[in-house]
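Participant: need a structure here:
(chains A and B)
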Number of protein chains: 2
Amino acid sequence: MNTQDAIQTEKERQDGTGKSIPRVVIIGAGFGGIRAARALHNAPVQVTVIDRNNHHLFQPLLYQVATAGLSPADISAPIRGILKKQKNTEVVMAEVTGVDLEQRQVLTQKRELPYDYLVVATGASHSYFGHNEWAPYAPGLKSIVDATALRRKILLAFEAAEMAQDEEQRRNLLTFVLVGGGPTGVEMAGAIAELAHKALVSDFRHIDPASARILLVEALPRILPAFPEKLSKKAQQALEHLGVEVCTNSPVEQIDEDGVVIGGQRLVTRNVIWTAGVAASPAGKWLNAEVDRAGRVKVDADLSLPGHPEVFVVGDTASCMQDDKPLPGVAPVAMQEGTYVAEVIAQRVAGKEQPRAFRYKNKGNLATIGRSYGIADVGKLRFGGFIGWIFWWAVHIFFLIGFRNRFLVMFQWAWAYFTYQRGARLITFDPAALQKQKELVEELTSV
Amino acid sequence: MNTQDAIQTEKERQDGTGKSIPRVVIIGAGFGGIRAARALHNAPVQVTVIDRNNHHLFQPLLYQVATAGLSPADISAPIRGILKKQKNTEVVMAEVTGVDLEQRQVLTQKRELPYDYLVVATGASHSYFGHNEWAPYAPGLKSIVDATALRRKILLAFEAAEMAQDEEQRRNLLTFVLVGGGPTGVEMAGAIAELAHKALVSDFRHIDPASARILLVEALPRILPAFPEKLSKKAQQALEHLGVEVCTNSPVEQIDEDGVVIGGQRLVTRNVIWTAGVAASPAGKWLNAEVDRAGRVKVDADLSLPGHPEVFVVGDTASCMQDDKPLPGVAPVAMQEGTYVAEVIAQRVAGKEQPRAFRYKNKGNLATIGRSYGIADVGKLRFGGFIGWIFWWAVHIFFLIGFRNRFLVMFQWAWAYFTYQRGARLITFDPAALQKQKELVEELTSV
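Facilitator: Okay, the predicted model is just below:
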C-alpha cells in the first residue's frame, strides 16, 4: 500500500473484467485542461485534474477585475463545481513539482499521482524578455492575485495623488504606462481611461482624475499585430479618442522605480503595467523537453511529447506550428487542443485508429476598447465600432462558465454602461493581516 | 504655510463674510461616520472623513463573504462614491495615529488635520478577553481581509480533508467550532452548515462534506442573549435542524493549534472561528479618556467626551448607558448616534439651543439561521420562521448602499436559494505574490 491508494483504490481502478481502467492526469484547469477533462466525460478512463488553485479563471476578463469593473468571483468557477457531475473525474488541489516520465508519475508537494496518459496544460506567466529586474516595477496580469494587486495599485495612485504636496508628484502618480500593445494592453488602457475620465471624475477634491495620462507603448510599428492593419488603426483611433496616448515603434529600454526609458527618454511614473510577453510555465523543465524561445514545449503533430506518445502538451505551454507559423497563446487554441487531445486518448484507449494531426480552426479575433468600441476580425468580416463591442461582449458572456457568472457579468456591464461607474472599487490590503493569513495557510496546507 | 493648506485652502475655509467655516473631522466611515457625514450635507461646515480603507463596509453581511456566498465588492461601497455629491465634504484615505486634543488636530502618518469639531467613529475589533495568545488559532470577522481569510480557511479545510490519509485527520479537518453564540456566530454556523450539507455535497470523491461537524459554543445559558428567551430557543432548534451542535453554558478554557478545551474536554479541530467579544478601537488611548471594560470611551449624554464638548464618540467606540444598560454594539445604534451628533454640531454652529440628550430608539433585533429561517423581535412582534427570514432579508437589502449592491446581493441570494450553491467559492492566496504586493503598497504609500 502506498499513498496513491488514498486517491484511487484498486476497486475503483478495476472494471468488472479485471482489466485496469486507464488513468488520465490533467495538470492545469485552464481553458485547455477543462476542455480535455470535459471531453473525457464518457470515455472509459479515470480522470484526475490537478490545479494549485481551486478555481478555473476566465482570463479574457481579468483586466475587468484589475480595473474595478468586476469581482474576482464573477469570472471564476470552482473546478470541483464544473466537474462535479462527471463521475469518472476527481479534482486535486496541489502544486505540481515535477513529472517522472520513466515511472509515469506526476509529483506534487504531497504525493505522487501515477498516470497512463498525461495532459500538461499549465499555461504561461509573464516574461520580461531577460529583464527580470523589471518585474517589481511592472507587474503583469495572469492571476486573480495579479488582478487585485493591479486594482489596488491603480486606485492607490489616485488616492496618493489626492494627498500629494506638489504638482510634479501628482503628475507622476497620475501617469500610467502600459508596456505592450496586444489585446491585454489595449483593453487595460481603454478601461483605465474610462476609470479616470468617467468613473472617478467627481470623487476627488484636489485632483482632476481626468488629467491622468495613459500611455500604451508598443515596440512594433502598430498595436494589435494579430489583427489586419486597418483594424489596428481603428483601435488606435478609438484609444486616442478615449485620451490614451499610443506610442508605436517604442521599445522599452529600462524600467525602474522612477519609471520607464523609451528611446533614450525617461518618463517618470509610478504606474508601469506589463502587458507584453508571456513565458510558458516550468513544464518544459519537468518534461526535460525541447522548448522554443518563450519556453513552450515543442510537440508532435498530435500534440504529444516527442518520444512520449502518452504525454500531451496543450495551450500556452505548447509550441505548435501551423502553416509555418506558431499558434497564438489564446483561449480558443487551448480549448481546441484540449478537446483534440481528449479525442486522441479516447481513440487510443478504444484501440481505434488515431485521429489526424491537430489543426486549429481560427474562428476570429476580437478586442475591445473602452465601454462601447470593439474590433472584430471574423472570417471575411472585419469591422470596428459599437457592433464590434456588442459582438465581443456576446462572445465573452457565451464562453463564461455558469449561469450565475454570466448573469452577474451582464448586469454589471449594463450597470457600468449606463452609469459610467465601476462597481468593484475596492482597495484591500492589511499588512498586519497578511502574516496571519500566511501562517494560516501554511498551517492548513502542512497537513 | 503648512501641510494643512494642501487639504484646505484658506479660500475654501472662508465664506463671503470673512468668517471662517467650522471644520468637522470624522474618523471612520462605518455606519456612524457615514451617517454623521451625510447629515451634515447642508450644514455650513467643511467636513473631512478619514478612513484607512477606501470603502464603507456593510458588516452585517460580512459572514456571507466568509462563507463564499457574496463577493467583497458586493457589500462595500467606495467612500468617495457615497459622498461625491456632497460638495462640503472631502475624503482622506489615511491611517490615524492619534489626536492632539489641545491643538485640536487629528494626527495621521502623513500630516495633521485640524478640526473645530471631531467625531470619532472607529468601530471595534476582536477581543479575546485577555487571551491574545488565542488569536492566531481563532480568527475573527471584522474586515474584508478577515472575511476572505476565513473563506480560505473554511474551503481549504475541505480540500485538506479530501487529501487526508486517515479518518482521524479527516474528522479533525472537518470539525468547525464557532466560539460565541451572538448573531455573528449563529449566522456563520448556519452558513457553514449549508455549505457543508448542501453546496459542497457532490464536489468531493473521498470525503462526504455533509459529515462535517459544526459546533456553536456559548458561555452563557443560551445563544442570542439579546433576544427574548423564546426566540433564542427557536433559533437553537433551527440550527440543530441544520445539523449544528449548540453547546451552551460552555465557556472556552483554551484555544491552541490542536483545538479548543471546553469544560476540561479537548475538542481536536483545526477550524476555530472567533465570534465572541469585541474591543473598541484604540480611540480611548488617543483621547486619553476613561473607558469601560471593552475599551469603549465613556461619553456624556450628548455623546461628547467629558471636558471636550467639541469631541464626539459614536458607535462601537462609545460606551453609552441608557436605562442603566449599555447600548449594544450594533449598526442601528451607530447610525442613530451619527445622525444625532451631526445635529448637535449643526445646532451649535448655528448658535441654536442644543438638542436634548441622545436616546436610542430600538426598532428591533433580527437574526438569520441558514437559508430560510429568521427570527425577529420587532416592537410587540416576535416571530421565527420563513417570514422572519424574508423580513431579515428585506431589511438588509434596504440598508445596503447603492442600487448595484442591492441588486447583486438580491440576485445572488435568489440564486443560492434555488440552487443551494454558493457562488464565491474562491481560494485566493499566493505566498510569492504577497511579498510583491506588500512592497508595491509600501512603495505607493511612501509618497
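
Participant: domain parsing for chain A?
Facilitator: Following automatic domain parsing, chain A resolves into domains at A:20-52+A:94-126+A:278-349, A:132-276+A:371-419.

Participant: closest one to chain B among those domains?
Facilitator: Nearest to chain B among the domains of chain A is domain A:132-276+A:371-419; the distance by C-beta to the nearest C-beta comes to 3.9 Å. (Glycine included, C-beta is placed from N, CA and C.)

Participant: Buried residues, stretch A:159-172. List them.
Facilitator: A:Glu159, A:Ala160, A:Ala161, A:Glu162, A:Met163, A:Ala164, A:Gln169, A:Arg170, A:Arg171, A:Asn172 (16 or more other C-beta atoms under 10 Å in any protein chain shown).

Participant: hang on, the fifth one packs against B:Val92?
Facilitator: Yes: A contact is recorded between A:Met163 and B:Val92 when judged using C-beta atoms under 8 Å, the distance being 7.2 Å.

Participant: which residues of the stretch 301-447 of chain A fall in strands?
Facilitator: A:304-305, A:308-313, A:318-319, A:321-322, A:325-326, A:365-369, A:373-378, A:381-385 (DSSP state E, counting those that start in this stretch).

Participant: now those in TSV, with mean neighbour count?
Facilitator: Formatted as TSV, these follow (neighbours: other C-beta atoms under 10 Å in any protein chain shown):
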stretch	mean neighbour count
strand A:304-305	22
strand A:308-313	22
strand A:318-319	25
strand A:321-322	13
strand A:325-326	10
strand A:365-369	25
strand A:373-378	23
strand A:381-385	16
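
Participant: any chance of the ones you listed in JSON lines, plus mean pLDDT and distance to chain B?
Facilitator: Output for the strands of the stretch 301-447 of chain A, formatted as JSON lines (pLDDT from 0 to 100; distance: least, C-beta to the nearest C-beta, whole Å):
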{"stretch": "strand A:304-305", "mean pLDDT": "96", "distance to chain B": "28"}
{"stretch": "strand A:308-313", "mean pLDDT": "97", "distance to chain B": "24"}
{"stretch": "strand A:318-319", "mean pLDDT": "94", "distance to chain B": "24"}
{"stretch": "strand A:321-322", "mean pLDDT": "91", "distance to chain B": "33"}
{"stretch": "strand A:325-326", "mean pLDDT": "88", "distance to chain B": "29"}
{"stretch": "strand A:365-369", "mean pLDDT": "91", "distance to chain B": "21"}
{"stretch": "strand A:373-378", "mean pLDDT": "92", "distance to chain B": "23"}
{"stretch": "strand A:381-385", "mean pLDDT": "91", "distance to chain B": "27"}
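
Participant: Give me every residue in the stretch 151-300 of chain A lying close to chain B.
Facilitator: Proximity of the stretch 151-300 of chain A to chain B, by C-beta under 8 Å from any C-beta of the partner chain, involves residues A:152-153, A:155-157, A:159-160, A:162-165, A:169, A:173, A:200, A:202-206, A:257, A:270.

Participant: Let me fix that, I meant to ask about the stretch 1-150 of chain A.
Facilitator: Counting by C-beta under 8 Å from any C-beta, the stretch 1-150 of chain A sits next to chain B at A:3, A:6-7, A:53-55, A:71-74, A:76, A:78, A:80-81, A:84-85, A:90-94, A:110-111, A:136, A:139, A:143-146, A:148-149.

Participant: quick one: contacts for A:Asp323?
Facilitator: Applying C-beta atoms under 8 Å, 6 or more residues apart in numbering or on different chains to A:Asp323 gives no contacts.

Participant: backbone phi and psi for it, please?
Facilitator: phi 50, psi 40 (degrees, to the nearest 10).

Participant: I'd like the distance between it and A:Ala210.
Facilitator: Distance of A:Asp323 to A:Ala210, computed by C-beta to C-beta, to the nearest Å: 46 Å.

Participant: residues making contact with the helix or strand where A:Leu267 lies?
Facilitator: Using DSSP states H and E, A:Leu267 maps to strand A:265-268. For strand A:265-268, contacts defined as C-beta under 8 Å, 6+ apart pick out A:Asn172, A:Thr175, A:Val177, A:Leu215, A:Asp258, A:Gly259, A:Val260, A:Val261.

Participant: Counting neighbours, which of those end up buried?
Facilitator: Among the contacts of strand A:265-268, the ones that count as buried (16+ other C-beta under 10 Å) are A:Asn172, A:Thr175, A:Val177, A:Leu215, A:Gly259, A:Val260.

Participant: Now stretch A:60-71 - C-alpha only, PDB.
Facilitator: Output in PDB follows, covering the C-alpha atoms of stretch A:60-71 (Å, rounded to 0.1, in the frame of the first residue of the first chain):
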ATOM      1  CA  PRO A  60     -10.000  37.200 -21.000                       C
ATOM      2  CA  LEU A  61     -12.000  39.300 -18.500                       C
ATOM      3  CA  LEU A  62      -9.200  39.500 -15.900                       C
ATOM      4  CA  TYR A  63      -8.500  43.100 -17.000                       C
ATOM      5  CA  GLN A  64     -12.000  44.000 -15.800                       C
ATOM      6  CA  VAL A  65     -11.000  42.900 -12.300                       C
ATOM      7  CA  ALA A  66      -7.800  44.900 -12.400                       C
ATOM      8  CA  THR A  67      -9.800  48.000 -13.400                       C
ATOM      9  CA  ALA A  68     -12.500  47.600 -10.700                       C
ATOM     10  CA  GLY A  69     -15.300  46.600 -13.100                       C
ATOM     11  CA  LEU A  70     -15.900  43.000 -11.900                       C
ATOM     12  CA  SER A  71     -15.200  41.000  -8.700                       C
END
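
Participant: Could I get the average pLDDT for that stretch?
Facilitator: For stretch A:60-71, mean pLDDT is 93.

Participant: where does the stretch 251-400 of chain A have low pLDDT?
Facilitator: Low-confidence segments of the stretch 251-400 of chain A (pLDDT under 70): none present.

Participant: mind listing the helices for it?
Facilitator: Listed in chain order, the helices of the stretch 251-400 of chain A (DSSP state H, counting those that start in this stretch) span A:283-286, A:331-349, A:386-399.

Participant: nearest spatial neighbour of the residue nearest the centre of chain A, skipping sequence neighbours?
Facilitator: The residue lying closest to the centre of chain A (C-alpha atoms, centre = their mean) is A:Gln59, at 4.0 Å. Counting by C-beta to C-beta, 6 or more residues apart in numbering or on different chains, A:Ala331 is the residue found nearest to A:Gln59 once chain neighbours are left out, at 7.0 Å.

Participant: list the contacts for the one you found?
Facilitator: A:Phe31, A:Gln59, A:Pro60, A:Phe399.

Participant: Am I right that the second one is in contact with A:Ile144?
Facilitator: So the one you mean is A:Gln59. No: using C-beta under 8 Å, A:Gln59 is not in contact with A:Ile144; the gap is 9.9 Å.

Participant: neighbours around the nearest residue to A:Ile255 once chain neighbours are set aside, how many?
Facilitator: Leaving aside its sequence neighbours, A:Ile255 sits nearest to A:Trp134 (C-beta to C-beta, 6+ apart; 4.0 Å). Neighbourhood size, A:Trp134 [other C-beta atoms under 10 Å in any protein chain shown]: 19.

Participant: Confirm that A:Trp134 lies within a helix, as I assumed.
Facilitator: Yes: counting by DSSP: H, G, I helix; E, B strand; the rest coil, A:Trp134 is part of a helix.

Participant: what sits against it?
Facilitator: For A:Trp134, the contact set (C-beta under 8 Å, 6+ apart) comprises A:Tyr128, A:Ile255, A:Asp256, A:Trp274.

Participant: ok, now with 10 Å
Facilitator: A:His126, A:Tyr128, A:Val179, A:Val252, A:Gln254, A:Ile255, A:Asp256, A:Val260, A:Val272, A:Trp274 (C-beta atoms under 10 Å, 6 or more residues apart in numbering or on different chains).

Participant: cool, and A:Leu155?
Facilitator: A:Leu155 touches A:67-68, A:195, A:200, A:422, A:425-427, B:54-55, B:78, B:93, B:444, counting by C-beta under 10 Å, 6+ apart.
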